[in-house]
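Novice: got a structure for you, letters missing:
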């Protein structure tokens, strides 16, 4: 199987429990909550997506012909040193492409693997860190893992039911309104108020944007 990747780069994880950790980010092309045609982006289930997952023309992107080629590219991005190797598989929706061969190849290369998924497809427990970010209007079938990250506010999101899902960490992340600072301030205030009232949840910020990182 080949793998279509929008971009691949080394950075610091900006969100969630692993915020601040050095990581290779591999952003897979494509998402199952979007029509797949740029002119139809408005038809997407997830209207607040803040990432470009279209095509394979980003830095480090391309089509990797097999799992070994993909793993070699991740190693090259990481550079020298084998300690604490960490790769984040994201998208788009990575579970459209991630398979056992890819997981095995990355483990053989010494990487701990994290995934950031919308949860509409099952995620194998052989992945070391499972982060699920549910999207209102879609069915979340992956209801267990290490980190549940809910973007907030999100109309129609059944957060009360999510509290009973089997996750070690429940995180609430203010929605990024992009260049609308007033909306961003309001979303942050709502998220803070929510966590103050619901202590099972913790606030997650997109620190990579604050720091000016990719």
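Specialist: Great, that's in hand. What you are looking at is a predicted structure, and each value in this text was computed from that prediction instead of being measured.
Novice: hey, which helix or strand in the protein has the poorest pLDDT?
Specialist: Taking mean pLDDT, DSSP states H and E as the measure, the chain has helix 207-211 as its least confident helix or strand, at a mean of 86.
Novice: what's in contact with that helix?
Specialist: 11, 12, 13, 14, 15, 19, 20, 176, 214 (C-beta atoms under 8 Å, 6 or more residues apart in numbering). To be clear about C-beta, it is placed using only N, CA and C from the backbone, and glycine gets the same treatment.
Novice: May I have the residues that are in contact with the first one?
Specialist: With contacts defined as C-beta under 8 Å, 6+ apart, the neighbours of residue 11 are 22, 23, 25, 208, 213, 214.
Novice: Pick out the lowest-pLDDT one from those residues.
Specialist: Among those, residue 214 carries the lowest pLDDT, at 74.
Novice: Which residue, other than its chain neighbours, is closest to that residue?
Specialist: residue 11 (5.1 Å; C-beta to C-beta, 6 or more residues apart in numbering).
Novice: Please, which helix or strand holds the one you found?
Specialist: Here residue 11 is covered by strand 3-12, with elements defined by DSSP states H and E.
Novice: swap in residue 188?
Specialist: Assigned by DSSP H and E, residue 188 falls within helix 181-197.
Novice: how far out from the middle of the chain is that helix?
Specialist: 21 Å (C-alpha atoms, centre = their mean, to the nearest Å).
Novice: C-terminal to the strand holding residue 11, what's the next element?
Specialist: Next along from strand 3-12, by DSSP H and E: strand 22-28.
Novice: who touches that following strand?
Specialist: With C-beta under 8 Å, 6+ apart as the criterion, strand 22-28 contacts 3-13, 51, 53, 58, 61, 70, 74, 77-78, 84, 86-94, 96-98, 111, 114, 214.
Novice: Counting neighbours, which bits of it end up buried?
Specialist: Buried positions in strand 22-28, judged by neighbour count with 16 or more other C-beta atoms under 10 Å: 23, 24, 25, 26, 27, 28.
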